[in-house]
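In: Next comes the sequence, and after it the predicted model I'd like to discuss.
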Amino acid sequence: MTEDKQKAAGSSVDLEDMVASSDSGARNPEGFPGKLLVGIAAAWSLFQLWVASPLPFIIGFGVFNATEARSIHLAFALFLAFMAYPATKRSPRDRIPIQDWIMAIVAASAGAYLFTFYEQLSARPGAPIMQDVVVGIIGLLLLLEATRRALGPPLTIIASIFIIYSLAGPWMPGILAHRGVSLQGLVNHQWLTTQGVFGIALGVSTSFVFLFVLFGALLDKAGAGNYFIKVAFSLLGHYRGGPAKAAVVASGLTGLISGSSIANTVTTGTFTIPMMKRVGFSSEKAGAVEVSSSVNGQIMPPVMGAAAFLMVEYVGISYVEVIKHAFLPALISYIALIYIVHLEALKANMQGLESANPPKPLVRKAIGFLAGLLLVMITALVVYYGLGWLKPILGDATPWVAAVVLAAVYVGLLALGSGYPELELDDPNTPIFKLPQTRPTVMVGLHYILPVVVLVWCLMVERLSPGLSAFWATVLMIIIMLTQRPIMHAFRGRSNLAADLREGAMDLWVGLVSGARNMIGIGIATATAGIIVGAVSQTGVGLVLADMVEILSMGNLMLILLLTAVLSLILGMGLPTTANYIVVSALLAPVIVQLGEQNGLLVPLIAIHLFVFYFGIMADVTPPVGLASFAAAAISNGDPIRTGFQAFYYSLRTAALPFLFIFNTDLLLIDVTPLQGVVVFIVATVAMLIFAAATQGFMLTRNRWYETILLLLVAFTLFRPGFWMDKIHDPYRSIPPSQFEQALGDVERDSNLRVQISGLDAFGKPLTTWMTMPIPEGETGEERFLNLGMELVERDGKTIVDLVTYGSEAQKLGFDFDQEIVTVLAPVDSWRKEFMWFPALLVFGLVVLMQRRRRARQITEATA
């Protein structure tokens, strides 16, 4: 074996170990322990499928309430964590030491305690006996140890600090001090209720996350991962820097169903990074492109590294709404990354790989693309409206008819794919690599799209719960895994039914095991993050953080956001996506809400949660902890720190987006019509491409310093035209608080007032804050004020709230007795902020003109 091959083989082993140690556990024991580990992992997957299915309710057996299901879920996760993750790097990988057996059994028993003694615990709420306290202490200690093994020290240290903070409150200095929590009170809150470990986060992991992770694992084992990579390369590999563009698309497609940026990096990077290096990317830049695109997969709906399901619970909006708000920024970010790759290719004058497709004129390519797009749109409309018309006619038989149609489409797609050669796993390190042809590559795996279509249909159209939607998509995925080989081989005339079924069953078994092992870290992470959430609710530490940020920022709005972004980055380092979001949303989202309202920043809660989520995710690429950068560097043989810095540089677009959608919620498709949404998408995409050109220092040719500044100004104006329009024309007029009732009658029914109120907070401290007040029902100001449900009184020249009716709109908005209404702002008719786009585009045209002339001169000089 040559030295290069030995190095590559060693690197491959290191990579597998890295992914295993971070995602699924590095230990693979032999003999009975190995079979037991695999069997319990598969049993966990089957248990989760059972809990999610309607079968328990149909047959009236095996129905678990939410607390019982969470307890069993954590018991599985804890047992497998001690079985699959070695205690140290020197611990054996091929066997399980006796101490790990003991800890696994004890930890699983403590995890299952709420299920085992559910009736007894429900009979003594808030009054734990000594047995409860002992089990809780053991459970917390073993959970922290399982976290250290599965996720590393960061989350373990953070959770431990919050436990110590809860107990040591009276001895804390200054603003950190609180009354403290007794050991019995802490154990009761954290382990015996649903406020801590067994809280919302673990509930989401139990109900939704597991099924989506399992669905992704089954999809990958069926061959969809290889299919996505091949399709991306066949479509984009022949363009300038083609392998890098293909890497972005392949990682995006994988990220749709993946919950791990490290696994995403290794899965696609093993193939894409050597190809990028072949066309001219340096080791660090090739790794950075893969890291940026893989980490971006965590912000891409529908899974978003499981954060989408947590947002449903924390923000209080539907899953469909979360997807709608998160989709546009993620898509724009991916488009910008493809453009960044294109600019890198232009700067280095790179070429693409040799295409296997016969050359076609540009017009034919455009016609073919548009025809395909039109066909997809017509098919979607026929299915959507066809089922809509058939439902009233078919009634209860609709699901059966839909299943028959789906089966017919599945068999038809397999028949279509059987006319093309099977997809092989290529070696990207071979000296000669020819891109696969697009048509055969796309056609042979179209059936992999069906489970994704079923998932989206159930979520978006049928409006089923995420868990039930994932269940039906997984059921279809299981059917595909068992039947795709026999049916396709039958169409090809070489059927071996027994062998094909056996191979499909083996893939299914491996997928069930793989899905469960991939969930160990997520299950442990959500449970441990619950400790932090429990400590926040028990000690009020969130208010302390808000005070600290307010002191450091001196009340400046941009400084508040910048400090919160930095804190999110720090807290997110070394944490998996799910735990990352739980921590930053529990600690920092309330900070922005509270300080923002005090300083006039009134935005929907989803915008704030996406803000902290984006910066928590950025920790995956930020040196020195960014684990995805180390994984990519192991493949590219580059320097991991330089790879991390390059990936962070590529990810500046992702860091800019949260600030932009905080101040311009149109980007989140909030309160916009479909036509406005299309316009926002087009303009925001152009703005992000201009921003990418500015930060990369290259557009048509290398930027001059003043061109970079102009491009940044253009991008900012396109993203946030309201900033300049507000300077020209104030969007609000101030109304004396004494004319509050008159103001209600003067504004349109579908608009809002901005009201500043001053009073006392829950702790009796003075508090001045802003609120957005929708206009109540009514034709006149008097009717609207009556429907609002409060009374005002003038006292010493001040407008004071004298009465708030219980259950009224005023009470829901936050008005309270004895508050002073300080300021009332009413919207005024003004120019549309979108008018600012026109001067911005004129400036952009000027920069393009200057660069085109300079580029023409350079070409002339080069050819002279």
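Out: Done, it's in.
In: State the distance from Ser514 to Ala224.
Out: For Ser514, the distance to Ala224 (CB to CB, to the nearest Å) stands at 14 Å. (Glycine included, C-beta is placed from N, CA and C.)
In: next one: Gly62
Out: To Ala224, Gly62 is 31 Å away according to CB to CB.
In: ok, now Ser469?
Out: Distance from Ser469 to Ala224, counting by CB to CB: 18 Å.
In: ok, the two, which is more surrounded?
Out: For Ser469 versus Ala224, the count of surrounding residues by other CB atoms under 10 Å is larger for Ser469: 26 against 23.
In: Outline the domain layout of this protein.
Out: Domain segmentation of the chain under automatic domain parsing yields 11-202, 732-829.
In: Figure out which of those domains is closest to Arg653.
Out: Ranking the domains of the chain by proximity to Arg653 (CB to CB) places domain 11-202 first, at 26.1 Å.
In: How far away from the center of its chain is that closest one?
Out: 23 Å (CA atoms, centre = their mean, to the nearest Å).
In: and the strand or helix carrying Arg754, which residues are buried?
Out: Assigned by DSSP states H and E, Arg754 falls within strand 752-760. Buried residues in strand 752-760, counted by 16 or more other CB atoms under 10 Å: Asn752, Leu753, Arg754, Val755, Gln756, Ile757, Gly759.
In: can I get the residues you listed in a markdown table with pLDDT?
Out: Converted to a markdown table, the buried residues of strand 752-760 look like this (pLDDT from 0 to 100):
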| residue | pLDDT |
| --- | --- |
| Asn752 | 85 |
| Leu753 | 88 |
| Arg754 | 88 |
| Val755 | 89 |
| Gln756 | 89 |
| Ile757 | 90 |
| Gly759 | 86 |
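In: Run a quick neighbour tally on Ile606.
Out: 22.
In: That one contacts Ser318, correct?
Out: No: when contacts are counted by CB atoms under 8 Å, Ile606 is not listed as touching Ser318 (11.0 Å).
In: what residues do the two have in common as contacts?
Out: Among the neighbours of Ile606, none is also in contact with Ser318 (CB atoms under 8 Å, 6 or more residues apart in numbering).
In: returning to what we had before: now distance to Phe82 too, for the buried residues of strand 752-760, in JSON lines please.
Out: JSON lines is the format used below for the buried residues of strand 752-760 (distance: CB to CB, whole Å):
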{"residue": "Asn752", "distance to Phe82": "54"}
{"residue": "Leu753", "distance to Phe82": "57"}
{"residue": "Arg754", "distance to Phe82": "55"}
{"residue": "Val755", "distance to Phe82": "55"}
{"residue": "Gln756", "distance to Phe82": "55"}
{"residue": "Ile757", "distance to Phe82": "53"}
{"residue": "Gly759", "distance to Phe82": "52"}
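In: Distance to Asn580 for the domains of the chain - can I get that in CSV?
Out: Formatted as CSV, the domains of the chain follow (distance: least, CB to CB, whole Å):
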stretch, distance to Asn580
domain 11-202, 9
domain 732-829, 29
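In: for the ones you listed, which one sits closest to Phe716?
Out: Of the domains of the chain, nearest to Phe716 by CB to CB is domain 732-829, at 22.2 Å.
In: Mind jotting down where the strands sit in the chain?
Out: Remark: strands assigned in the chain by DSSP state E are 732-735, 752-760, 766-774, 790-795, 798-804, 820-827.
In: okay, those in CSV with distance to Leu151 next?
Out: As requested, those are exported to CSV (distance: least, CB to CB, whole Å):
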stretch, distance to Leu151
strand 732-735, 47
strand 752-760, 42
strand 766-774, 38
strand 790-795, 49
strand 798-804, 47
strand 820-827, 47
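In: Of those strands, which is nearest Ile582?
Out: Smallest distance to Ile582 across the strands of the chain (CB to CB): 26.4 Å, for strand 766-774.
In: the inter-axis angle of that closest one versus strand 752-760?
Out: 160 degrees (axes from the mean of the first three to the mean of the last three CA atoms, to 10 degrees).
In: which ones are touching Leu450?
Out: Contacts of Leu450 by CB under 8 Å, 6+ apart are Leu406, Val409, Tyr410, Leu413, Leu476, Ile480.
In: Number of residues surrounding the third one?
Out: By the criterion of other CB under 10 Å, Tyr410 has 20 neighbours.
In: same deal with the last one?
Out: Other residues lying near Ile480 total 24 when counted by other CB under 10 Å.
In: The chain should start at 18 in everything you say after this.
Out: Fine by me, first position is 18 from now on; the one you just mentioned is Ile497.
In: can you tell me how far it sits from Leu463?
Out: As judged by CB to CB, Ile497 and Leu463 stand 12 Å apart.
In: likewise the first one?
Out: Taking CB to CB as the criterion, Leu423 is separated from Leu463 by 14 Å.
In: ok, now the second one?
Out: As defined by CB to CB, Val426 lies at a distance of 10 Å from Leu463.
In: again, but for the fourth one
Out: For Leu430, the distance to Leu463 (CB to CB) stands at 5 Å.
In: quick one: which of these two has more around it?
Out: Using other CB under 10 Å as the criterion, Leu430 and Leu463 rank with Leu430 on top: 20 against 16.
In: can you pull the contacts of Thr785?
Out: Thr785 sits next to Gln615, Gln773, Ile774, Ser775, Val839 when contact means CB under 8 Å, 6+ apart.
In: and if we set it to 7 Å?
Out: Going by CB atoms under 7 Å, 6 or more residues apart in numbering, Thr785 touches Gln615, Gln773, Ser775, Val839.
In: what does stretch 417-429 rub up against?
Out: For stretch 417-429, the external contacting residues (CB under 7 Å, 6+ apart) are Leu404, Leu411, His464, Leu467, Ile504.
In: Could you single out the nearest of those to Asp683?
Out: For these, the residue nearest Asp683 by CB to CB is Leu404; the value is 32.2 Å.
In: Which pLDDT does the model give that closest one?
Out: Predicted confidence (pLDDT) for Leu404: 65.
In: And for Lys377?
Out: Reading off the model, Lys377 has pLDDT 59.
In: And for Ser275?
Out: 62.
In: ditto for Ala43
Out: Confidence at Ala43, expressed as pLDDT, is 68.
In: partner strands of the strand holding Arg771, parallel or antiparallel?
Out: If you go by DSSP bridges, strand 769-777 pairs up with strand 783-791 (antiparallel), strand 837-844 (antiparallel).
In: What about Ser268, how many residues nearby?
Out: By other CB under 10 Å, neighbour count at Ser268 equals 33.
In: ok, now Arg750?
Out: That count, for Arg750 with other CB under 10 Å as the rule, works out to 11.
In: That one: what's it in contact with?
Out: So Arg750 contacts Ala843, Val845 (CB under 7 Å, 6+ apart).
In: From Gly48, how far off is it?
Out: Distance, Arg750 to Gly48, using CB to CB: 79 Å.
In: Could you pull up the residues touching Phe676?
Out: Here Phe676 is in contact with Leu578 (CB under 7 Å, 6+ apart).
In: that older thread, can you tell me which of the strands paired with strand 769-777 is packed in deepest?
Out: strand 837-844 (a mean of 18; mean count of other CB atoms under 10 Å).
In: Helices of the stretch 518-667 of the chain, start to end?
Out: 558-570, 574-589, 594-604, 606-615, 622-635, 644-653, 657-667 (DSSP state H, counting those that start in this stretch).
In: what residues does the strand holding Arg771 touch?
Out: Outside strand 769-777, the residues touching it (CB under 7 Å, 6+ apart) are 619, 749, 760, 764, 783-792, 833, 835-843.
In: redo that, cut-off 6 Å
Out: 785, 787-791, 836-843 (CB atoms under 6 Å, 6 or more residues apart in numbering).
In: and what of stretch 334-348?
Out: So stretch 334-348 is contacted by 316-319, 325, 328-329, 477, 483, 623, 674, 684-686, 698 (CB under 6 Å, 6+ apart).
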